[in-house]
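# Quick one: sequence and predicted model below, then my questions.
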Amino acid sequence: MYKELKKFKVTNQFSFTTDDSLEEVCNASEGSGVFLVYSIGDEKELIMVGSTGTVQNDGTLKIKNGGLKDKIVEGHQFAKTGRKYSWPAQMKIEDISTIEVVWYETFNDKTKVIPTFVEGQVLQNFLDENGRLPKWNVAF
């Protein structure tokens, strides 16, 4: 686990296989924060980092309806379609049987850390350690 994430108290995780419904297994909150996606095989590999929520000039949070849950389930990746469709397809292409999604609320009533800042920290640490971004992150 990345040290940047230890301070966030509202967090959970879920596993997803190609036989599951992402909408049903996703237990993410409607809050703002980051999510990390791991492929589970012989080894656990971080394959993606994402975030949702934008802090405005006045310090308030702009959040899309559904927050983390909606971003994970309906967010577009690999195609112009929601992850509930694109993740199972990509998992089959890459022969990934299970992924684990760990999510953290980084901006709420008690904690105020910009979600994209935390996403950037985790990605920077990954880049420093591996010389590249996680394989499902196209760019940052």
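All right, it came through fine. Residues are numbered from 1 along each chain as shown.
# Have a look at the chain and report its longest helix.
Criterion DSSP state H: the longest helix present in the chain is helix 115-130.
# avg pLDDT for that one?
Here helix 115-130 scores 95 as its mean pLDDT.
# any idea how far Ala89 is from Glu119?
24 Å (CB to CB, to the nearest Å). Quick note: C-beta positions are derived from backbone N, CA and C, even for glycine.
# of the two, who's got more company?
Taking neighbours as other CB atoms under 10 Å, Glu119 and Ala89 compare with Glu119 leading, 22 against 13.
# so what pLDDT did the residue of the chain positioned farthest from its centre get?
Distance from the C-alpha centroid of the chain, by CA atoms, centre = their mean, peaks at Asp58 (25.9 Å). The confidence metric pLDDT takes the value 91 at Asp58.
# Give me the contact list for the lowest-mean-pLDDT helix or strand in the chain.
Least confident helix or strand, the chain: strand 61-62 with a mean of 86, by mean pLDDT, DSSP states H and E. Outside strand 61-62, the residues that touch it by CB atoms under 8 Å, 6 or more residues apart in numbering are 32, 53-56, 107.
# Which parts of this structure are strands?
Applying DSSP state E to the chain gives strands spanning 11-17, 32-40, 44-52, 54-55, 61-62, 98-107.
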